[in-house]
Structures are given as structure tokens and as C-alpha cells.
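Sequence first, predicted coordinates after that:
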Amino acid sequence: MEIHFKNNKDKKFWGSEKALRKKHGAENAKIITRRLNELSAAPTLKELPPQSSPHPLSGNMNGLFALDLKHPYRLIIEPVKKLNTKNPIEIDSIQIIKIKNYH
């Protein structure tokens, strides 16, 4: 799957485990890095491992998806191609948005 970032600064941040540890803690940094590796390896969102638990969001986050991190945090992603965004089998290109506790 193709992974996109808002800009080069974000790309550098998400690629640095040190920066992730500083902002999100050691345990979440490891999980975030694992999720990014899983996203890179999977052809589509549908083919992510079950522990990632990709799920569509609704309300003011409609059109976005979340992947599980250390509870209660989620990695928020957005499909780049606006096909049928409710169908994860069609999503093969995403943009990393943010980490959020939306519960």
C-alpha cells in the first residue's frame, strides 16, 4: 500500500522512532512503527492483520479510518482515492493524519 504524508516534516516525524517515543511514549512508538510497516506490506487496507483492527469512522470523522494502538489511542488515516471509502478492499493508498483518542 502507498503511504502518503502531509509534507516532508511529517514524513520525517513518522519515520523516526525517537520522535514517536518522545511524543507518544515508548510502547505506542513501537506499535505505531509496527502499524506503518503493516500498512507498507499490505496491498489493501482489507489485508491488514486482525490486531490492526482497521475500521471506518463516522460523524465529523466520516471518510477516515482508524487503526488500533495502545488503548485508547488510534492511528487515523485517510484514503487517498475517494472510491467507495467504506470498502477497505479498494483502499490501496492512504495518508497518515494523526494519533487520536476519540473515545
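That came through, no problem.

State the helix or strand in which Gln95 lies.
strand 93-100 (DSSP states H and E).

Which neighbours in the sheet does that strand have, and how are they oriented?
According to DSSP bridges, strand 93-100 forms sheet pairs with strand 2-4 (parallel), strand 74-79 (antiparallel).

Identify each buried residue in it, please.
Ile94, Gln95, Ile96, Ile97, Ile99, Lys100 (16 or more other C-beta atoms under 10 Å). Bear in mind the C-beta positions are built from the backbone N, C-alpha and C, glycine included.

Tabulate these (TSV), appending distance to Glu17.
TSV is the format used below for those (distance: C-beta to C-beta, whole Å):
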residue	distance to Glu17
Ile94	20
Gln95	20
Ile96	15
Ile97	19
Ile99	14
Lys100	20
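
and which of these is nearest to Ser16?
Taking C-beta to C-beta as the measure, Ile96 is the one of the buried residues of strand 93-100 closest to Ser16, at 13.3 Å.

right, and that closest one touches Asp10 too?
Yes - if you go by C-beta atoms under 8 Å, Ile96 and Asp10 touch, sitting 7.1 Å apart.
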